[in-house]
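J.: test case, fold it:
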Amino acid sequence: MMFLEFFIWGAWFVTLGTYLLRNLGASGTQVGVAFLTQSIGAIVAPFIVGLIADRFFSAQKILGVLHLAGAVLLWRASQAPDFSSFYPSILTYMILYMPTLALVNSIAFRQMQNPQKEFAPIRVLGTLGWIVAGLTIGWLNWEQTNSLQSTFLMAAGASALLGVFSFMLPATPPVKKGQSSSLGSLLGLDAIGMLKNRSYLTFFLASIAICIPLAFYYGFTNPFLNEVGMKAAAGVQSLGQVSELLFMLAIPLFFSKLGVKKMLAIGMAAWVLRYVCFAYGNGEGGYWLLIAGIVLHGICYDFFFVTGQIYTDNLAGEQFKSSAQGFITLATYGVGMLIGTLLSGRIFDSYQLTAGAHDWRMIWLIPAGIAAAVLVLFLLLFKERNAAAASTETAGADAAPRLAEAH
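T.: Okay, the predicted model is just below:
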C-alpha cells in the first residue's frame, strides 16, 4: 500500500513542469498554477477525511474509490492536448489524491499493536516507491525522448492497481461515527492559541515564508536539470529522497544534541546553499554543484519541516496535538505553497531569454535570497525557551514514529 501510494505521486509529479513546458507549451505561470493543485488538495483533504472517512465509511473503501477515480483522471490528463483541458483533470485528481495520504497512515496505524516500532519500516517503503518511480523514468529515458506523457499512464496503472488492492486491505471502520466536529477543528484551527507564544509565532511565519522557495524546487528543478543537459534527471533527483531517508533516521540524535533553534536554522541555511548550488551549477564543470543541491534535500526538508513537526507536537500538549499538526500543514502546504507556486511561475517567465532557454542563475538566486532573509529574521526573533529546550531531551527517544509520517 505505502509503496504504491508514493510511487503514484512520484511517477508524474517530479517531471510535471518539464511535461507542461515541452508537451503542452505552458507558461511558467501555468506551471505554477498546476503545482498549486497540491495546495488546494491539502486544504480540501481535512474535509474529506474528517467529514467522510472518520464518520461514515471504512477508510480502505474510500481509499479504493479515490484511487480508482484517480486512475481515470490521470489517464484523461495524459490525453489532454493543451493546458486548458489538462488543468481540470489534474486539479480534480489532486483534490482526490491528497486525502489518501492521511488514509494510508490511518489504515496502517489501526492494524498495528505497537506503531512506534512497526510504522517506520512500513512508511519507508513509501519513500522507496517514490525513488523507484524516478529511477524508472530515468531508465526508460522518457525525458530525453519526449515521452513524458507515459508518466501519467504509468501512474494511472499504479493507481488502478492500488484502487483494487485497497478493497483487500483489513477493515478500518470509521472511528468517530455519530460525532460532530467544527470547521475550525477540521482545519486544525483549535491550535491557533499556540501563536500567543512569540517564538512559535516566529516559527509559524517562517514556515509559511520558507515554503515560497520550496515551491521553486518542486516546480522547476526538473525543467532546469533537463535544460542544462543532465541525463535521466528524474532518476538523479531521487537522490534527494535517499538523502531525506538517511537524515530522517539521524534526526533524533541531532535533535537531542542541537536543540530546536539550531536544527531549524541549519534547515533554512541548507535552502540557501541548495539554490546557490543550482545558480552556479551546470551540466559540465559545475555538475557536482547540481548533485550537491539535490542531495541537500534531506537537510532542507528534515531539519526544518520534520523538526518543526516535533517542535509543534511538543508545544501543543495532548489536547491539541492533532489540531496543531493540521494547522501547520494548512499553513505550509496550503498558504505558503500557494504564494510560492504563483510567484515562482512569474519569476520563471520573467527570466526567459529565448524559446527553451532561461536565466537560471537569477531564477535560483531569488529563492536563495528569500530563504536567507527568512533565516536572518528567524535567528533574530526566535528565542528557544528553557521548557522547549528541555522537551527536546525527550523528543529524541520518541520522535521516530512521528518522523515516519513526513514525506
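J.: chain center to stretch 133-153, what's the gap?
T.: 21 Å (CA atoms, centre = their mean, to the nearest Å).
J.: quick check: end-to-end length of that stretch?
T.: One end of stretch 133-153 sits 12 Å from the other (CA to CA, to the nearest Å).
J.: in that stretch, what's buried?
T.: Residues of stretch 133-153 classed as buried: 133-138, 140, 142-143, 148-149, 151-153 (neighbour count, 16 or more other CB atoms under 10 Å). For glycine as for every other residue, the C-beta is placed from the backbone atoms N, C-alpha and C.
J.: swap in stretch 228-246?
T.: Residues of stretch 228-246 classed as buried by neighbour count (16+ other CB under 10 Å): 228, 230, 232-245.
J.: hmm, Arg110 is touching Leu169, no?
T.: No: in this structure, Arg110 is not within contact of Leu169 by CB atoms under 8 Å, at 10.2 Å.
J.: which one of the two has more residues nearby?
T.: Leu169 (19 against 15; other CB atoms under 10 Å).
J.: quick one, what contacts the closest residue in space to that one that isn't next to it in sequence?
T.: Spatial nearest neighbour of Leu169, chain neighbours left out: Gln60 (4.1 Å); criterion: CB to CB, 6 or more residues apart in numbering. By CB atoms under 8 Å, 6 or more residues apart in numbering, the contact list for Gln60 reads 107, 166-167, 169-172.
J.: tell me the one of those residues nearest Ala206?
T.: In terms of CB to CB, no member of the contacts of Gln60 lies closer to Ala206 than Ile107, at 33.1 Å.
J.: what element comes up after the helix or strand hosting the closest one heading to the C-terminus?
T.: Element membership of Ile107 [criterion: DSSP states H and E] is helix 83-110. Where DSSP H and E defines the elements, the next helix or strand beyond helix 83-110 is helix 115-139.
J.: can you get me a residue count around Thr341?
T.: Neighbours of Thr341 (other CB under 10 Å): 26.
J.: and it, which of the three is it?
T.: Assigned with DSSP: H, G, I helix; E, B strand; the rest coil, Thr341 falls in the helix class.
J.: rewinding a little: which of the buried residues of stretch 133-153 sit farthest apart?
T.: The most widely separated members of the buried residues of stretch 133-153, counting by CB to CB, are Leu135 and Gln149 (19.0 Å).
J.: circling back to that earlier point, for ChimeraX, write a command that selects the buried ones of the contacts of Gln60.
T.: This is the ChimeraX syntax for the buried subset of these, where burial follows 16+ other CB under 10 Å:
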select :107,166,169,172
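J.: surely Ala11 and Leu148 touch.
T.: No: between Ala11 and Leu148 there is no contact under CB under 8 Å: 10.6 Å.
J.: so for these two, which residues contact both of them?
T.: Common contact partners of Ala11 and Leu148 (CB under 8 Å, 6+ apart): Ile137.
J.: which residues in the stretch 101-250 of the chain form helices?
T.: Listed in chain order, the helices found in the stretch 101-250 of the chain under DSSP state H, counting those that start in this stretch are 115-139, 149-166, 183-186, 198-227, 233-258.
J.: and the ones you listed: which comes nearest Ile363?
T.: Minimum separation from Ile363 across the helices of the stretch 101-250 of the chain (CB to CB) falls at helix 198-227, 7.0 Å.
J.: the closest one vs helix 115-139, what angle?
T.: 20 degrees (axes from the mean of the first three to the mean of the last three CA atoms, to 10 degrees).
J.: I'd like to know which elements helix 198-227 is packed against.
T.: Judged by 3 or more CB pairs under 8 Å, 6 or more residues apart in numbering; DSSP states H and E, the packing partners of helix 198-227 are helix 16-23, helix 28-48, helix 233-258, helix 260-280, helix 307-316, helix 337-350, strand 357-358, helix 360-381.
J.: nearest approach to Ile122 belongs to which of those?
T.: helix 233-258 (13.5 Å).
J.: which helices and strands does that closest one pack with?
T.: Contact partners of helix 233-258 among helices and strands, from 3+ CB pairs under 8 Å, 6+ apart: helix 115-139, helix 198-227, helix 260-280, helix 287-295, helix 297-301, helix 307-316, helix 386-398, helix 400-403.
J.: let's have the ones you listed in a markdown table, adding distance to Trp364 and mean pLDDT.
T.: Shown next, in a markdown table, are the helices and strands packed on helix 233-258 (distance: least, CB to CB, whole Å; pLDDT from 0 to 100):
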| stretch | distance to Trp364 | mean pLDDT |
| --- | --- | --- |
| helix 115-139 | 21 | 85 |
| helix 198-227 | 7 | 92 |
| helix 260-280 | 4 | 94 |
| helix 287-295 | 9 | 95 |
| helix 297-301 | 14 | 89 |
| helix 307-316 | 24 | 78 |
| helix 386-398 | 33 | 42 |
| helix 400-403 | 29 | 41 |
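J.: among those helices, which comes closest to Asn23?
T.: Asn23 lies closest to helix 198-227 among the helices and strands packed on helix 233-258, at 11.8 Å (CB to CB).
J.: using PDB, write out every CA atom in stretch 141-152.
T.: Coordinates of each C-alpha in stretch 141-152 appear next as PDB, following Å, rounded to 0.1, in the frame of the first residue of the first chain:
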ATOM      1  CA  ASN A 141      14.700   7.600 -21.000                       C
ATOM      2  CA  TRP A 142      11.300   9.300 -21.200                       C
ATOM      3  CA  GLU A 143      12.700  12.800 -20.600                       C
ATOM      4  CA  GLN A 144      15.200  12.600 -23.500                       C
ATOM      5  CA  THR A 145      12.800  11.000 -25.900                       C
ATOM      6  CA  ASN A 146      10.000  13.500 -25.100                       C
ATOM      7  CA  SER A 147       7.700  10.700 -23.800                       C
ATOM      8  CA  LEU A 148       6.700  12.200 -20.500                       C
ATOM      9  CA  GLN A 149       3.000  11.500 -21.400                       C
ATOM     10  CA  SER A 150       3.800   8.000 -20.400                       C
ATOM     11  CA  THR A 151       4.400   9.100 -16.800                       C
ATOM     12  CA  PHE A 152       0.700   9.800 -16.400                       C
END
